[in-house]
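**Student:** just a sequence and a predicted model for now, questions to come.
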Amino acid sequence: MEQALASMELQLDKVPEELKPHLKKLMGRMIESWKARDGKEKEYRLEDFEVGKPLGRGKFGRVYLAREKRTEFMVALKVLFKSELVKEEIEHQLIREIEIQSHLSHPNVLRMLTYFHDEKRVFLVLEYAAIGELYKEMRKQPNQRFDEKRVAKYVYQVADALMYCHKNKVIHRDIKPENLLLSAWGNVKIADFGWSVHAPSLRRKTMCGTLDYLPPEIIAGVQYTEHVDHWCLGVLCYELLVGHPPFESKDRKTTYKRIDHVDMKFPSFVSPGPRNLISKVSWQPI
Ligand SMILES: Nc1ncnc2c1ncn2[C@@H]1O[C@H](COP(=O)(O)OP(=O)(O)OP(=O)(O)O)[C@@H](O)[C@H]1O
């Protein structure tokens with residue numbers, strides 16, 4: 001926990017001067033409360049939080065803004081019903097998500113601060129990303145796409161976070177604007193590690209991810225590595241600049257075909273720099 005807060009503190013330089021002392025105090029109290037008297041991490045319960053407005057809804061979870069009562073620290077509380085997890089047979093996926101995300105600590109990876117459960121529900125205590133989904137932010141822009149400068153910032157931050165994940169032998173496998181959140185300071189936070197895996201030395205072969213972002217090696221069913229995230233980063237860069245993903249088609253078959261042939265066209269407003277960068281993403285069967 002301390003480590004998690006330490007890297008959040010890196011963001012203090014972006015906080016207005018007058019708010020810094022208050023925020024530092026809050027962080028101090030948070031660190032203190034996270035350590036139980038014997039040095040073990042505190043076990044949380046729902047009663048430790050004041051639950052506020054809903055932030056969103058996923059396939060399985062409902063997410064609420066919440067405040068840890070003792071420290072007043074704002075978090076996002078994701079609530080999952082055990083019955084739904086069992087019905088959809090995703091208990092193992094959730095355990096993997098928790099194991100992976102709670103051990104990652106990077107300024108551009110959404111922090112899982114802790115988790116707990118009661119008889120019926122599992123609660124994930126997540127870092128609060130105040131601006132919310134990158135996808136929605138993109139839709140609010142003129143022409144529903146970002147300018148090059150913003151894209152460069154986001155792509156750099158995602159690349160940096162992915163480099164960190166890969167160093168820690170984690171492949172995300174589902175990078176897309178819907179899984180990227182923005183903090184209050186406008187920095188990207190990679191969320192949703194539901195599809196991620198700990199990459200062991202043997203290479204993976206499972207089919208997963210979202211159609212528009214599926215890398216060719218996954219479609220082809222050949223073994224793949226962390227390079228699948230690099231592919232998705234290229235697709236992401238294209239979508240943020242253009243407003244839609246590069247291989248988008250009316251039907252799945254055509255999308256698959258276009259991905260396989262890397263059939264991608266750039267609108268005239270995309271300048272040579274990003275064209276060159278995106279075109280460098282390629283794949284080689286292993
Ligand atoms: N940490 C957070 N800070 C702010 N908003 C959040 C946070 N986590 C989730 N949300 C909001 O809640 C919504 C639902 O999140 P959730 O993680 O349950 O589902 P999802 O990732 O959209 O979908 P799924 O997990 O079903 O694929 C998000 O789309 C986002 O708008």
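**Tutor:** Okay, I see it. None of the values given here were measured: they were computed from a predicted structure.

**Student:** can we go C-alpha only for contacts and neighbour counts from here?
**Tutor:** Will do.

**Student:** where do the strands sit along this structure?
**Tutor:** Taking DSSP state E as the criterion, the chain carries its strands at 49-57, 61-68, 74-81, 112-117, 121-127, 132-133, 170-171, 180-182, 188-190, 197-198.

**Student:** closest to the ligand out of these?
**Tutor:** For the ligand, the closest of those is strand 49-57, at 3.3 Å, according to Cα to the nearest ligand atom.

**Student:** low-confidence ranges, the chain, go.
**Tutor:** 1-15, 23, 25-42, 195-210, 222-223, 282-286 (pLDDT under 70).

**Student:** hmm, 80 instead?
**Tutor:** Applying pLDDT under 80 to the chain picks out residues 1-42, 193-210, 217-224, 281-286.

**Student:** can you check which helix is longest in it?
**Tutor:** The residue-count maximum for a helix in the chain (DSSP state H) belongs to helix 148-167.

**Student:** distance of Leu180 from Val109?
**Tutor:** Note on Leu180: its distance to Val109, by Cα to Cα, to the nearest Å, is 9 Å.

**Student:** distance of Glu84 relative to Leu134?
**Tutor:** 27 Å.

**Student:** returning to that earlier point: what sits in contact with each of Leu180 and Val109?
**Tutor:** 188-191 (Cα atoms under 8 Å, 6 or more residues apart in numbering).

**Student:** could you redo the strands of the chain as a markdown table and give each row distance to Asp260?
**Tutor:** Shown next, in a markdown table, are the strands of the chain (distance: least, Cα to Cα, whole Å):
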| stretch | distance to Asp260 |
| --- | --- |
| strand 49-57 | 33 |
| strand 61-68 | 34 |
| strand 74-81 | 37 |
| strand 112-117 | 36 |
| strand 121-127 | 37 |
| strand 132-133 | 29 |
| strand 170-171 | 21 |
| strand 180-182 | 26 |
| strand 188-190 | 27 |
| strand 197-198 | 24 |
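
**Student:** most packed of those strands?
**Tutor:** Of all the strands of the chain, strand 188-190 has the most neighbours on average by mean count of other Cα atoms under 10 Å, namely a mean of 27.

**Student:** what sits up against that one?
**Tutor:** Residues contacting strand 188-190 (Cα under 8 Å, 6+ apart): 107-110, 129, 134, 154, 157-158, 161, 175, 179-183.

**Student:** try 7 Å this time
**Tutor:** 108-110, 154, 157-158, 179-183 (Cα atoms under 7 Å, 6 or more residues apart in numbering).

**Student:** please check these and keep the buried ones.
**Tutor:** 108-110, 154, 157-158, 180-183 (16 or more other Cα atoms under 10 Å).

**Student:** show me which pair in those is furthest apart.
**Tutor:** Farthest-apart pair in these is Leu110 and Tyr154; separation 14.3 Å (Cα to Cα).

**Student:** for the ligand, what are the nearby residues on the stretch 151-286 of the chain?
**Tutor:** 179, 192 (Cα under 6 Å from any ligand atom).

**Student:** in the stretch 151-286 of the chain, which residue sits nearest the ligand?
**Tutor:** For the stretch 151-286 of the chain, Cα to the nearest ligand atom, closest residue to the ligand: Asp192, 5.3 Å.

**Student:** contact partners for that residue?
**Tutor:** With contacts defined as Cα under 7 Å, 6+ apart, Asp192 is in contact with Asn179.

**Student:** state the distance from it to Ala129.
**Tutor:** 13 Å.

**Student:** dump the residue contacts of the closest residue to Ala129 other than its chain neighbours.
**Tutor:** Among residues not flanking Ala129 along the chain, Ser183 sits closest, at 4.1 Å (Cα to Cα, 6 or more residues apart in numbering). Residues near Ser183 by Cα under 7 Å, 6+ apart: 129-131, 189.

**Student:** which of those residues lies closest to the ligand?
**Tutor:** Distances from the ligand to the contacts of Ser183, taken by Cα to the nearest ligand atom, are shortest for Ala129, at 3.8 Å.

**Student:** hmm, Leu181 and that closest one touching each other?
**Tutor:** Yes. Counting by Cα atoms under 7 Å, Ala129 touches Leu181, with 6.1 Å between them.
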